[in-house]
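Peer 1: Show me the folded form of this:
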Amino acid sequence: RQMSQRKGLSQSSDKFVDSIRIHLFQAIHQLNERGLYFSAKWASELLVSLPQESGNSLASIEGMMGGEDPKDRSAIVQLTLAKTYFDLKEFARASFILKDLPLGNRGLFLRRYAQYLRVFESIPAPHIQPTSDAERESSQTATLPPPSLNSLPQNHTHVVNGLKPLKQELETQWRSNSSPLDAFNSYLYGIILKDLGMLDQSKEALIHSVNQFPYNWNAWQELTFVCSEQDVRSQNSAHIQSRLKEHWMKDFFLANLELEMQHSDESIQRYEALESIFPNSDYILAQKAIALYNSRDFQVAEECFDSLMEKDPYRLDNMDTFSNILYVTENRAKLSFLAHRANDTDRFRPETCCIIGNYYSIRGEHEKAILYFKRALKLNSKFLSAWTLMGHEYVEMKKPKVAIEAYRKAVEVNPRDYRAWYGLGQTYEILKMPLYALHYYTKTTALRPYDARMWCALGTCYEQLDRIEDAIRCYEKAESNRDREGIALDKLAKLYRELGDEDKAAYYYKKSYIFKKEEGVEGQETTESLLFLAVHCKNNGKFQEAENYCNQLLDYT
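Peer 2: Okay, here's the model as predicted:
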């Protein structure tokens, strides 16, 4: 009788434990869906503490997982706990609990991705010390070599050592025919190769990933980073596009790639085509605003950002770019409003810190601005805007050595950031090192060949090096690319005058005078243009024109 009672009790107990296991598993799923990660973690640890699963409860749990890999179904309890650790950024614990378990693609990705994030989690936050007066003086004669386009960060050795085992593991599976990498593990393999500077191999893995699963926007963004200008233009464009399967996500990628390559007009055209499918997309509107900002169409860009704020008043994504527009247009009141709203929304976002930094910068409080840019970098060490804006502030404070360090960090984060290259050129120009400035300005003209400001800066360097013909070519490039400030016209007139080519000098002086008259700009350049034109016409027997220029000259004297 006692043996019969014990057997019944045991069966009853097993059923009770099975019901607990099933209810805990369901609860963990519901808690995760509602963002209650700590409660999900507590329930997951309790789930793992139960005795080994019986066939009935395991079958019920496997049924909830649908078409998962059989290996992942067999390790479902450990996977559930690992996922809760992962959600709480306990990456070491997440990878450890899955160690040595027979896992399918989902489990392998979770373990590997946790290991990957753990490598970067252990990197110390960046810190830039302000220079002393003595260091600033010594920087005047410093000869710092220009960084290469693919320069590696100072902690690269730590990254390589951390990623090498993961790379080898993924590489073995990548080359295997029996168990090839799925879309997500291919994505992870691609970003590891990118971090190790193996961009061509990274491109292959990422193309494989997006072709298998086109909805992973992170993979498309990483593919954007490893693509070069040659992949967008010329015959290579057709080559890379032919390797990507036809899908509407591909159109988002191409639009973003054009934007990243500073092809703003082409990018806007692609986004406008996508708007016919996604007419209410905030993302598309934001990307168009950024493209307009890059094209220096600040008014329309501001209107786009106003629409975004009206649709989503708590949005912070891309709002640091909006603050840049308000800074450039000197709209203090609106920038102040944006800074207060961002601070009230989430003060621990890097975008918020950059907005507040711009607010203090426009008020001339550069030290406070730098403090907020540093806070942004503590939150995200790869936040590009913070590095570039901090460089600008150090230039304002006449601390070129630290400005150079900040700009170089920006270039490490994104070698296509023309603002950082331009800042480096300006800083070396301040240090009276035109050869280095020439190197950086050449980078900016390669990134933005249609931007007149870049050509004017390059022309100024050539002037300082007495390479007048090269300077003239640069100013002619600037003039052909709609030089909105008229700098190139004045420079060309003066340089041709110095070379003794008075006909060409007169041509550019006349264009400069007409430009300034249309823009309503008056100054020394206007009187100089009129005086030269009057004398030139007199010397060439054009007395009526000379008289007209003299009469106009009287209005300015």
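Peer 1: Least confident secondary structure element in the protein?
Peer 2: Counting by mean pLDDT, DSSP states H and E, the chain has its least confident helix or strand at helix 133-138, which shows a mean of 40.
Peer 1: Distance from the following helix or strand past that one to the middle of the chain?
Peer 2: Downstream of helix 133-138, the next assigned helix or strand under DSSP states H and E is helix 156-174. A distance of 25 Å separates the centroid of the chain from that of helix 156-174, by CA atoms, centre = their mean, to the nearest Å.
Peer 1: Show me what helix 156-174 is packed up against.
Peer 2: Counting contacts by 3 or more CB pairs under 8 Å, 6 or more residues apart in numbering; DSSP states H and E, helix 156-174 is packed against helix 105-121, helix 183-195. Any C-beta I mention is one placed from the backbone N, CA and C, and that applies to glycine too.
Peer 1: And for it, what's in contact with it?
Peer 2: 112, 115-116, 118-120, 122-123, 153, 179-181, 185-186, 188-189, 192-193, 195-196, 205 (CB atoms under 8 Å, 6 or more residues apart in numbering).
Peer 1: what do you get for stretch 450-464?
Peer 2: Counting by CB under 8 Å, 6+ apart, 418, 422, 425-426, 429, 434, 437-438, 441-442, 444-445, 447-448, 468, 470-472, 474-475, 477-479, 481-485, 487-488, 491, 495 sit against stretch 450-464.
Peer 1: for stretch 196-213, same thing?
Peer 2: With CB under 8 Å, 6+ apart as the criterion, stretch 196-213 contacts 150, 152, 159-160, 163, 167, 174, 181-184, 186-187, 189-191, 193-194, 216, 219-220, 222-223, 226-227, 240, 243-245, 249, 253.
Peer 1: For these, which ChimeraX command selects only the ones that are buried?
Peer 2: ChimeraX command restricting the contacts of stretch 196-213 to the buried ones, with burial defined by 16 or more other CB atoms under 10 Å:
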select :159,163,167,174,181,182,183,184,186,187,189,190,191,193,194,216,219,220,222,223,226,227,240,244,249,253
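Peer 1: Leu338 and Ser264, how far apart?
Peer 2: 23 Å (CB to CB, to the nearest Å).
Peer 1: ok, how many other residues are close to the residue nearest to Leu377 when sequence neighbours are not counted?
Peer 2: Closest residue to Leu377 apart from its sequence neighbours, by CB to CB, 6 or more residues apart in numbering: Ala386 at 5.0 Å. By other CB atoms under 10 Å, 31 other residues sit near Ala386.
Peer 1: Which of the helices or strands spans Ala386?
Peer 2: helix 384-396.
Peer 1: Just the CA coordinates for the helix or strand where Ser39 lies, please, in PDB.
Peer 2: Per DSSP H and E, Ser39 falls inside helix 37-49. Output in PDB follows, covering the C-alpha atoms of helix 37-49 (Å, rounded to 0.1, in the frame of the first residue of the first chain):
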ATOM      1  CA  TYR A  37      13.200  42.000 -18.100                       C
ATOM      2  CA  PHE A  38      14.200  41.600 -14.400                       C
ATOM      3  CA  SER A  39      11.000  39.600 -13.700                       C
ATOM      4  CA  ALA A  40      11.700  37.500 -16.800                       C
ATOM      5  CA  LYS A  41      15.200  36.900 -15.500                       C
ATOM      6  CA  TRP A  42      13.900  35.800 -12.100                       C
ATOM      7  CA  ALA A  43      11.400  33.400 -13.700                       C
ATOM      8  CA  SER A  44      14.100  32.000 -16.000                       C
ATOM      9  CA  GLU A  45      16.400  31.200 -13.200                       C
ATOM     10  CA  LEU A  46      13.600  29.500 -11.400                       C
ATOM     11  CA  LEU A  47      12.800  27.500 -14.600                       C
ATOM     12  CA  VAL A  48      16.400  26.300 -14.800                       C
ATOM     13  CA  SER A  49      16.300  25.200 -11.200                       C
END
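Peer 1: Spell out the residue ranges of the helices in the stretch 301-450 of the chain.
Peer 2: 319-328, 332-345, 350-362, 366-379, 384-396, 400-413, 418-430, 434-447 (DSSP state H, counting those that start in this stretch).
Peer 1: measure Asp501 to Leu495 for me?
Peer 2: From Asp501 to Leu495 the distance is 9 Å (CB to CB).
Peer 1: what do you get for Tyr549?
Peer 2: According to CB to CB, Tyr549 and Leu495 sit 21 Å apart.
Peer 1: and what of Ser95?
Peer 2: In this view, Ser95 and Leu495 are 63 Å apart by CB to CB.
Peer 1: just to revisit the earlier point, can you list the helices of the stretch 301-450 of the chain in JSON lines and add mean pLDDT?
Peer 2: Below are the helices of the stretch 301-450 of the chain laid out as JSON lines (pLDDT from 0 to 100):
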{"stretch": "helix 319-328", "mean pLDDT": "97"}
{"stretch": "helix 332-345", "mean pLDDT": "97"}
{"stretch": "helix 350-362", "mean pLDDT": "97"}
{"stretch": "helix 366-379", "mean pLDDT": "96"}
{"stretch": "helix 384-396", "mean pLDDT": "96"}
{"stretch": "helix 400-413", "mean pLDDT": "95"}
{"stretch": "helix 418-430", "mean pLDDT": "95"}
{"stretch": "helix 434-447", "mean pLDDT": "95"}
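Peer 1: I'd like the ones you listed written out as CSV, with distance to Pro102 added.
Peer 2: Formatted as CSV, the helices of the stretch 301-450 of the chain follow (distance: least, CB to CB, whole Å):
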stretch, distance to Pro102
helix 319-328, 46
helix 332-345, 45
helix 350-362, 40
helix 366-379, 38
helix 384-396, 42
helix 400-413, 39
helix 418-430, 47
helix 434-447, 49
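Peer 1: Let me see the backbone angles for Val498.
Peer 2: Small correction: residue 498 is Glu, not Val. phi -70, psi -30 (degrees, to the nearest 10).
Peer 1: Settle this for me: it is touching Ile468, isn't it.
Peer 2: Yes. Using CB atoms under 8 Å, Glu498 makes contact with Ile468 at a distance of 7.4 Å.
Peer 1: Please say which of the two ends up with more neighbours.
Peer 2: Ile468 (15 against 10).
Peer 1: which residues touch that one?
Peer 2: Neighbours of Ile468 in contact, by CB under 8 Å, 6+ apart: Tyr462, Leu495, Glu498, Leu499.
Peer 1: Tabulate these (JSON lines), appending pLDDT, distance to Ala406 and secondary structure.
Peer 2: Output for those, formatted as JSON lines (pLDDT from 0 to 100; distance: CB to CB, whole Å; DSSP: H, G, I helix; E, B strand; the rest coil):
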{"residue": "Tyr462", "pLDDT": "96", "distance to Ala406": "27", "secondary structure": "helix"}
{"residue": "Leu495", "pLDDT": "95", "distance to Ala406": "34", "secondary structure": "helix"}
{"residue": "Glu498", "pLDDT": "92", "distance to Ala406": "37", "secondary structure": "helix"}
{"residue": "Leu499", "pLDDT": "92", "distance to Ala406": "40", "secondary structure": "coil"}
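Peer 1: Perfect, that will be all.
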